[in-house]
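Student: Could you look at this predicted model? Sequence included:
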Amino acid sequence: MTENLNLFTSTQVVIKEALDKLGYDEGMYELLKEPIRMVEVRIPVRMDDGKVKVFTGFRGQHNDAVGPTKGGVRFHPAVSADEVRALSMWMTLKAGIVDLPYGGGKGGIICDPREMSMHELESLSRGYVRALSQVMGPTKDIPAPDVFTNAQIMAWMMDEYSRIDEFNSPGFITGKPIVLGGSQGRDRATAEGVTIIINEAAKKRNIDMKGARIVIQGFGNAGSFLSKFLHDAGAKVIGISDAYGALHDPDGLDIDYLLDRRDSFGTVTTLFDNTISNEELLELDCDILVPAAIENQITEKNAHDIKARIVVEAANGPTTSEATKILTERGILLVPDVLASAGGVTVSYFEWVQNNMGYYWTEDEVRERMTKKMVDAFENVYNFSETRNIDMRLAAYMIGIRKTAEASRFRGWA
Ligand SMILES: NC(=O)C1=CN([C@@H]2O[C@H](COP(=O)(O)OP(=O)(O)OC[C@H]3O[C@@H](n4cnc5c(N)ncnc54)[C@H](O)[C@@H]3O)[C@@H](O)[C@H]2O)C=CC1
Ligand SMILES: O=C(O)CCC(=O)C(=O)O
């Protein structure tokens with residue numbers, strides 16, 4: 001039988017298992033098995049050549065029983081409705097795991113921003129907000145950056161919403177530039193959160209982070225900051241990659257040089273001749289492997305060849321269910337995405353709180369609060385998985401879905 005690579009249907013299987021184990025009935029699964037709202041929009045953009053191109057965008061809102069929905073928007077050629085559905089469900093889980101007053105949301109536009117001008121990107125970003133302004137907003141659904149979107153795109157989206165709302169609305173979106181009400185530390189938050197999780201996981205496996213050999217797939221927002229933090233902490237980053245290939249040096253890569261040369265889309269390997277493939281990168285001999293790029297990278301095809309002792313998912317959905325089983329059976333500690341990458345949405349929540357009260361925290365205050373949330377979340381999920389003898393993904397799903405399920409029950413939705 002071929003492996004199920006559909007993120008949405010494979011997520012439903014784990015949600016079902018988590019709800020069953022928590023003792024919820026079929027009605028709860030019926031409610032939580034897909035987003036309560038899934039919107040598809042068509043966005044016309046006048047391109048630089050004078051012609052109009054119509055883009056397709058999505059926004060999925062999984063469940064808002066706990067509070068407004070929250071989650072990033074990605075600009076990528078491979079965006080699909082099912083991907084957005086799954087990503088919105090994972091955001092519910094993340095919010096539950098780090099205990100934020102949100103449900104999950106996620107959006108995306110099918111496009112390739114690497115081939116678009118700034119002017120085209122601005123029109124597309126503003127068009128997305130115009131198309132969805134009735135179902136989004138600071139108390140309804142709050143977007144943020146994700147793959148190939150950044151603080152500039154958040155700024156255009158916030159400005160468009162503020163014009164429609166006729167009110168300056170910084171709480172509409174997070175991941176904004178600091179001067180527009182962005183939080184200190186949001187740009188580094190996902191990677192900082194992953195770093196905290198890696199440190200905690202390494203303690204459980206008695207791995208000394210000084211000199212630990214690290215491989216990171218993806219050199220964008222998540223992967224590049226992560227490589228810097230781990231390198232500065234004394235770990236040896238021996239492999240990194242981007243969409244075009246990978247670099248490997250068993251003695252450790254010159255991370256500062258690579259950071260200096262990467263472009264704004266996280267591309268750096270095109271500057272080198274001596275590259276390996278992303279497939280080879282994942283199978284390198286190392287202590288800790290961090291997929292920080294895209295989905296379905298560790299599958300039943302390569303899970304037996306992964307040599308790392310710990311895999312920490314910075315990307316959303318990099319490991320399939322089948323591969324999760326194989327890695328777990330092989331004794332590899334797999335820390336799931338919904339826990340490992342929750343630092344981003346945690347600091348997004350802090351940004352929204354600061355916007356709502358109009359009072360801003362220092363970088364140290366943000367870091368201290370985020371560290372506590374991530375360490376507590378790791379301990380909680382790790383201990384739950386140990387006492388129940390289940391893998392960390394199922395443990396994270398059980399902890400993550402509980403709050404939304406309870407809130408839905410109290411509201412009489414299930
Ligand atoms: N930015 C954030 O705050 C958060 C990001 N994430 C997840 O982390 C992952 C990476 O996101 P960002 O770093 O924000 O994106 P980004 O757009 O800044 O960087 C993406 C990186 O992945 C590489 N890449 C793209 N396609 C690839 C392929 N087919 N094979 C190998 N590498 C490829 C790109 O070259 C780039 O280096 C995604 O799964 C995203 O959902 C999760 C939580 C928060
Ligand atoms: O910062 C946020 O609100 C959401 C980040 C996100 O999309 C994610 O964690 O996958």
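Tutor: Yep, that arrived. Ligands and ions are numbered 1, 2, ... in the order given.
Student: how close does the nearest residue to P101 once chain neighbours are set aside sit to ligand 1?
Tutor: Distances taken as C-beta to C-beta, 6 or more residues apart in numbering place G67 nearest to P101, at 4.1 Å, with adjacent residues excluded. All C-beta spots, glycine's among them, are computed from the backbone N, C-alpha and C. For G67, the distance to ligand 1 under the criterion C-beta to the nearest ligand atom, to the nearest Å works out to 19 Å.
Student: Using the three-state scheme, assign the residue of the stretch 201-350 of the chain found nearest ligand 2.
Tutor: Using C-beta to the nearest ligand atom, S348 is the residue of the stretch 201-350 of the chain that sits closest to ligand 2, at 3.2 Å. Taking DSSP: H, G, I helix; E, B strand; the rest coil as the rule, one finds S348 in the helix state.
Student: out of everything not next to it in sequence, what's closest to it?
Tutor: Sequence neighbours aside, T174 is the residue nearest to S348 in space, at 3.8 Å (criterion: C-beta to C-beta, 6+ apart).
Student: hang on, that neighbour packs against D141?
Tutor: No - between T174 and D141 there is no contact under C-beta atoms under 8 Å: 11.9 Å.
Student: so what's the residue nearest to P101 up against?
Tutor: With contacts taken as C-beta atoms under 8 Å, 6 or more residues apart in numbering, G67 has the following neighbours: L100, P101, Y102, G103.
Student: Could you do V335 as well?
Tutor: Counted by C-beta under 8 Å, 6+ apart, V335 has contacts I197, A201, I310, V311, V312, E313, F378, M392.
Student: that older thread, could you check which of T174 and D141 is surrounded by more residues?
Tutor: Summary of the neighbour comparison: T174 and D141, criterion other C-beta atoms under 10 Å, with T174 having more neighbours (29 against 26).
Student: In space, what's closest to E279 - neighbours in sequence excluded?
Tutor: Nearest residue to E279 in three dimensions, chain neighbours excluded: N302, at 6.9 Å (C-beta to C-beta, 6+ apart).
Student: if I look at the closest residue to ligand 2 within the stretch 101-250 of the chain, how far off is ligand 1?
Tutor: When you check the stretch 101-250 of the chain against ligand 2 by C-beta to the nearest ligand atom, the closest residue turns out to be A144, at 3.2 Å. Taken as C-beta to the nearest ligand atom, the spacing of A144 relative to ligand 1 amounts to 7 Å.
Student: looking at it, that residue is touching K70, isn't it?
Tutor: Yes - in terms of C-beta under 8 Å, A144 counts as a neighbour of K70; the distance is 7.1 Å.
Student: Using TSV, please lay out the contacts of G67 together with pLDDT and neighbour count.
Tutor: Formatted as TSV, the contacts of G67 follow (pLDDT from 0 to 100; neighbours: other C-beta atoms under 10 Å):
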residue	pLDDT	neighbour count
L100	98	23
P101	98	14
Y102	98	28
G103	98	29
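Student: What is the nearest of these to P170?
Tutor: Distance from P170 was checked for each of those by C-beta to C-beta. The minimum falls on Y102, at 17.0 Å.
Student: quick one, phi/psi of that closest one?
Tutor: Here is the backbone geometry of Y102 (degrees, to the nearest 10): phi -130, psi 160.
Student: so who does it touch?
Tutor: Applying C-beta under 8 Å, 6+ apart to Y102 gives the contacts V66, G67, P68, T69, K70, M91, A95, I142, V345, Y349.
Student: what about 7 Å?
Tutor: Remark: with contacts taken as C-beta atoms under 7 Å, 6 or more residues apart in numbering, Y102 is in contact with V66, G67, P68, T69, K70, A95, Y349.
Student: Which of those residues fall in strands?
Tutor: Assignment to strands by DSSP state E places the following of the contacts of Y102 there: T69, K70.
Student: Which member of the contacts of Y102 is positioned nearest Q184?
Tutor: Distance to Q184 across the contacts of Y102 (C-beta to C-beta) is lowest for Y349, with 13.9 Å.
Student: Could you list the residues of the stretch 51-200 of the chain in contact with ligand 2?
Tutor: K70, G71, G72, K94, A144, D146, T174 (C-beta under 6 Å from any ligand atom).
Student: Could you check how far N150 is from ligand 1?
Tutor: Taking C-beta to the nearest ligand atom, one finds N150 at 7 Å from ligand 1.
Student: Over to R163?
Tutor: 26 Å.
Student: quick one: what helix or strand has that residue in it?
Tutor: helix 151-165 (DSSP states H and E).
Student: now for that helix, which elements pack on it?
Tutor: In this structure, helix 151-165 packs against helix 118-132, with contacts taken as 3 or more C-beta pairs under 7 Å, 6 or more residues apart in numbering; DSSP states H and E.
Student: who does the helix it packs on touch, helix- and strand-wise?
Tutor: Packed against helix 118-132 by the contact rule (3+ C-beta pairs under 7 Å, 6+ apart) you find strand 37-46, strand 52-61, helix 151-165.
Student: that older thread, kindly reformat the contacts of Y102 as CSV and extend each row with pLDDT.
Tutor: Supplementary listing: the contacts of Y102 in CSV, determined by pLDDT from 0 to 100:
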residue, pLDDT
V66, 98
G67, 98
P68, 98
T69, 98
K70, 98
A95, 98
Y349, 98
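Student: Let's see the PyMOL selection covering just the buried ones among the contacts of Y102.
Tutor: Under the burial definition 16 or more other C-beta atoms under 10 Å, those of the contacts of Y102 that qualify are selected in PyMOL by:
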select buried, resi 66+67+68+69+70+95+349
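Student: of the contacts of Y102, closest to ligand 2?
Tutor: For the contacts of Y102, the minimum distance to ligand 2 (C-beta to the nearest ligand atom) is 4.8 Å, reached by K70.
Student: Just confirm that closest one contacts K106, I think it does.
Tutor: No - counting by C-beta atoms under 7 Å, K106 is not a contact partner of K70; they are 9.1 Å apart.
Student: Tell me the residue of this structure that sits nearest ligand 1?
Tutor: With C-beta to the nearest ligand atom as the measure, G220 is the residue of the chain nearest to ligand 1, at 1.7 Å.
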